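Participant: Structure here, sequence nowhere to be found:
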């Protein structure tokens, strides 16, 4: 066994846990483009944003210059419940692959929400509580974010209204039940509780809903209900800031053993995990101190970075949210059925979009079946049943490790294992039964959606 | 916050992880009674047992004198995948309860099998591989043990045939699918693949099966197939030996911070978790070095310790297994529907039965609804969604902590949190919907079953 002085799992001591979030925007020369008011196309002001988001979160959203944000003690206390997450050296996977590469993964799935989403949920709930709000609203697709937010709201005694994409609400009752354990109010979307929901239901009576539609409903309720604000689990700058705890911990754990990665890999849907994981490393790259390869992995069925357009677009279907400049497939793009619910968003974090456009990040897209092959191979040797989302990163980590096997290079590869697949077993079943779909949109389809982007 | 010098979670370093299993039988004055041949009623010899179990496991089963067993390096390597499990100080629960008690729990759920069962699965698979066997057979109810064994067999490249209680096979397809990820062959029981299965199907064509029946089928296949042996996830002495890793780690973690528990609590079905957790502490008590209170918690619907008989009984429905002297409700006792599948066994580990009979252990039984109340209270403050089985221990830990609140005593309570409830959400749903059953068997019912015990 190589490097036996490095343990299988590196757990930071409580005293070594991060006290700061790292704001990568502070080191970016080209800052992410501002959010625009959908009516005026002017940059959103803090006071405009404060109608939707909590005040301190608005500050974080707009702050492109402060490099380090102290993590409030209350949030650090909550983090102790499920953090530090382990940085695992994948000795068994390396052996199975017969690669000279050294593979590490940061495992964020050891909590009831089953993913990294809890890192930002607790931060957003904290600031809502601090502002004296009564509750928050949000949307959820497969349910990870909704579960995470329910847990955070339960901890601080906040109301939590979740709009859950109807098809998931009906087909995935278990995540819904977990949210109920934590006292959340869960409504299938589209619903008749909002104007936008009623409009969509009138136009498409049988619709199973979409994330973009659920966002519109949650925002409408937040803006229209005194004492409520809206919170979002990905895409936003503030979310990447909170998720930087993943990268700061990863870097601390690697530094402790004198390890410098060559390649850092993460799946990318809205970008919260990848953005969080790479943040402090990207800072070093942006400051010219070190060089790393960063690889964003997206599903071939929803390829916003690899085949999308870098342009201003709506974040939601109902077009009530601000416009963001990002790599996008168009706000009404509906990806083919894909079991990585967390990677089905049409756009990408403005921060990551800018970094990608500036050439600091690579991106690849992978077909679903290949992803599940990697998932199963990983599960059998590393013992963790990975989420479909996370398995996108596993796929590319394995591919890179196999390249090392060919070349003999001893590269150090780090990837983000964002969560567990306990609620995704229907997908595994389809994979085992050989009936998994690998649909990839055609150039013509994507061009048709791109043609409908707002002209800004 | 009390005792802030003790971290939320104590993780042992790799170098501090147990190198020995602790065999509590070595310190027992009254040894557990031997297994009997069901035909002759004579004690089973090693060579008789070797037709069913692997050779080294037979040695472990029969060894009442060796106090410490070195854990083979291959097993310790596998343990590193998911161990050490954290010993968590339940600061948030203490605060919520307003108790002066200090509560710790040993959390065994951070692995894909979702429970402590993996500790013995990997040991049994290792000895099967070492003996050059082709594969193993076993039964599973809700699926934790089957999943654990599938993972262990996949790691060592062994065939794994699992007989899964039919009603679970049909109603809980997700655990079945996880076993498939790990390459196991899963058959619903009763099945037409065995004599005992065909007999039961002929007598009860519509039956949903039972654990006792699935055991009979798995044993029949193991005994009748060259290169196969049978493995069992609980009850046996060898399983308690393997599970002692829980207690040895717990004790090492407490010793590190100079903490001595007053009360140690665990749920008890077949006894593997409780037996493992208390082992080294019980050793100290048996040797007269220290005193502890040990509490076994069982469901009111299946109260083998609190309302059963201490007698020889069959371990399975088909009566093909050896007879064990244990607290039992009778081998054909079928408990009322209860969502803690792991606690529905009619008997109890002979080791624990003897210790209970000798007065070293207390036992209490608790109704299901009260268990789920505790589960939800725990989930909301500690962030972990507990398995229904584990929640039995939570219930009594909370009850003991509340007694401390009344008396002002600062007792230290340790309990075993054996696993997570991600596959038990139908049960949580019933709890939320107020349709959970709390059936308790009557004295007459229990007496009728007891009257049918074999006369030995």
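Facilitator: Perfect, I can see it now. What you see is a predicted model, and the numbers here were worked out from it, not measured in a lab.
Participant: Near chain B, which residues of chain A are found?
Facilitator: A:7-9, A:11, A:13-14, A:80-82, A:92, A:110-112, A:114, A:151, A:154-155, A:173-174, A:177-178, A:180-183, A:376, A:379-385, A:420, A:422-423, A:425, A:428-429, A:432 (Cβ under 8 Å from any Cβ of the partner chain). In this view, the C-beta of every residue, glycine as well, is placed from N, C-alpha and C.
Participant: Does residue A:281 belong to a helix, a strand or coil?
Facilitator: helix (DSSP: H, G, I helix; E, B strand; the rest coil).
Participant: Would you confirm that it contacts residue A:262?
Facilitator: No - counting by Cβ atoms under 8 Å, residue A:281 stays clear of residue A:262, with 10.9 Å between them.
Participant: Identify the contacts common to these two.
Facilitator: Common neighbours of residue A:281 and residue A:262 (criterion: Cβ atoms under 8 Å, 6 or more residues apart in numbering or on different chains): residue A:292.
Participant: neighbour count winner among these two?
Facilitator: residue A:281 (23 against 17; other Cβ atoms under 10 Å in any protein chain shown).
Participant: Pull the number of nearby residues for residue A:88.
Facilitator: Number of residues near residue A:88 (other Cβ under 10 Å) recorded here: 24.
Participant: Tell me how far residue A:284 lies from chain B.
Facilitator: 28 Å (Cβ to the nearest Cβ, to the nearest Å).
Participant: same question, residue A:213
Facilitator: 26 Å.
Participant: Just the pLDDT for that residue.
Facilitator: Reported pLDDT at residue A:213 in the predicted model: 87.
Participant: I'd say it and residue A:317 touch.
Facilitator: Yes - the criterion here is Cβ under 8 Å, and residue A:213 meets it with residue A:317 at 4.6 Å.
Participant: the more surrounded of these two?
Facilitator: The neighbour count for residue A:213 versus residue A:317, taken as other Cβ under 10 Å, is higher for residue A:213 (28 against 23).
Participant: residues in contact with the more buried one?
Facilitator: Residue A:213 neighbours (Cβ under 8 Å, 6+ apart): A:165, A:189, A:190, A:196, A:197, A:200, A:207, A:316, A:317, A:318.
Participant: who touches the strand or helix carrying the fourth one?
Facilitator: In the assignment (DSSP states H and E), residue A:196 maps to helix A:195-203. Counting by Cβ under 8 Å, 6+ apart, the neighbours of helix A:195-203 from elsewhere in the structure are A:189, A:190, A:191, A:192, A:207, A:213, A:216, A:217, A:220, A:317, A:318, A:320.
Participant: In these, which residue is surrounded by the most others?
Facilitator: residue A:189 (33 neighbours).
Participant: Who does that one form a beta bridge with?
Facilitator: Beta-bridge pairing of residue A:189 under DSSP bridges involves residue A:165.
Participant: how close does it get to chain B?
Facilitator: Relative to chain B, residue A:189 is positioned 21 Å away (Cβ to the nearest Cβ).
Participant: by contact count, what packs against the helix or strand encompassing residue A:305?
Facilitator: Following DSSP H and E, one finds residue A:305 within helix A:304-307. Applying 3 or more Cβ pairs under 8 Å, 6 or more residues apart in numbering or on different chains; DSSP states H and E, we find helix A:304-307 packed against strand A:293-299, strand A:323-328, helix A:350-357, strand A:362-366.
Participant: for the record, mean pLDDT for the shortest one?
Facilitator: For strand A:362-366, mean pLDDT rounds to 98.
Participant: next structured bit after that strand?
Facilitator: Toward the C-terminus, strand A:362-366 is succeeded by helix A:368-382 as the next helix or strand (DSSP H and E).
Participant: Quick one, which of the residues of chain A next to chain B are buried?
Facilitator: Buried residues within those, counting neighbours by 16 or more other Cβ atoms under 10 Å in any protein chain shown: A:7-9, A:11, A:14, A:80-82, A:92, A:110-112, A:114, A:151, A:154-155, A:174, A:177-178, A:180-183, A:376, A:379-385, A:420, A:422-423, A:425, A:428-429.
Participant: what pairs with residue A:10 across the strands?
Facilitator: Applying DSSP bridges to residue A:10 yields these beta-bridge partners: residue A:87.
Participant: burial of it, as a residue count?
Facilitator: Look at residue A:10: counted by other Cβ under 10 Å, it has 22 neighbours.
Participant: wait, what's in contact with it?
Facilitator: By Cβ under 8 Å, 6+ apart, the contact set of residue A:10 is A:86, A:87, A:88, A:89, A:253, A:256, A:257.
Participant: again with residue A:302
Facilitator: Listed by Cβ under 8 Å, 6+ apart, the contact partners of residue A:302 are A:269, A:329, A:333, A:335, A:338, A:343, A:344, A:345, A:346.
Participant: for the stretch 351-456 of chain A, what spans make up the strands?
Facilitator: Ranges of strands in the stretch 351-456 of chain A, per DSSP state E, counting those that start in this stretch, are A:362-366, A:412-417.
Participant: May I see those arranged in CSV, with distance to residue A:455 and mean neighbour count as well?
Facilitator: Putting these into CSV (distance: least, Cβ to Cβ, whole Å; neighbours: other Cβ atoms under 10 Å in any protein chain shown) gives the following:
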stretch, distance to residue A:455, mean neighbour count
strand A:362-366, 26, 19
strand A:412-417, 36, 27
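Participant: Just put these in CSV and tack on distance to residue B:441.
Facilitator: Output for the strands of the stretch 351-456 of chain A, formatted as CSV (distance: least, Cβ to Cβ, whole Å):
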stretch, distance to residue B:441
strand A:362-366, 55
strand A:412-417, 45
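Participant: and of the ones you listed, who's closest to residue A:439?
Facilitator: Smallest distance to residue A:439 across those (Cβ to Cβ): 12.5 Å, for strand A:362-366.
Participant: quick one: contacts of the closest one?
Facilitator: With Cβ under 8 Å, 6+ apart as the criterion, strand A:362-366 contacts A:268, A:293-300, A:303, A:305-307, A:356, A:392, A:395-396.
Participant: which residue sits closest to the spatially most central residue of chain A in space, ignoring its chain neighbours?
Facilitator: Note on chain A: the residue nearest the mean C-alpha position is residue A:272, at 3.4 Å, using Cα atoms, centre = their mean. Spatial nearest neighbour of residue A:272, excluding adjacent residues (Cβ to Cβ, 6 or more residues apart in numbering or on different chains): residue A:234 at 4.1 Å.
Participant: show me the contacts for that neighbour.
Facilitator: Going by Cβ under 8 Å, 6+ apart, residue A:234 touches A:145, A:269, A:270, A:271, A:272, A:345, A:349.
Participant: Distance-wise, check it relative to chain B.
Facilitator: With Cβ to the nearest Cβ as the criterion, residue A:234 and chain B are 21 Å apart.
Participant: tell me the SS of that residue?
Facilitator: Following three-state DSSP, we place residue A:234 in the coil state.
Participant: Quick check: helices, which of the buried ones among the residues of chain A next to chain B are part of them?
Facilitator: Judged by DSSP state H, the subset of those located in helices is A:80-82, A:92, A:151, A:154-155, A:174, A:177-178, A:180-181, A:376, A:379-382, A:425, A:428-429.
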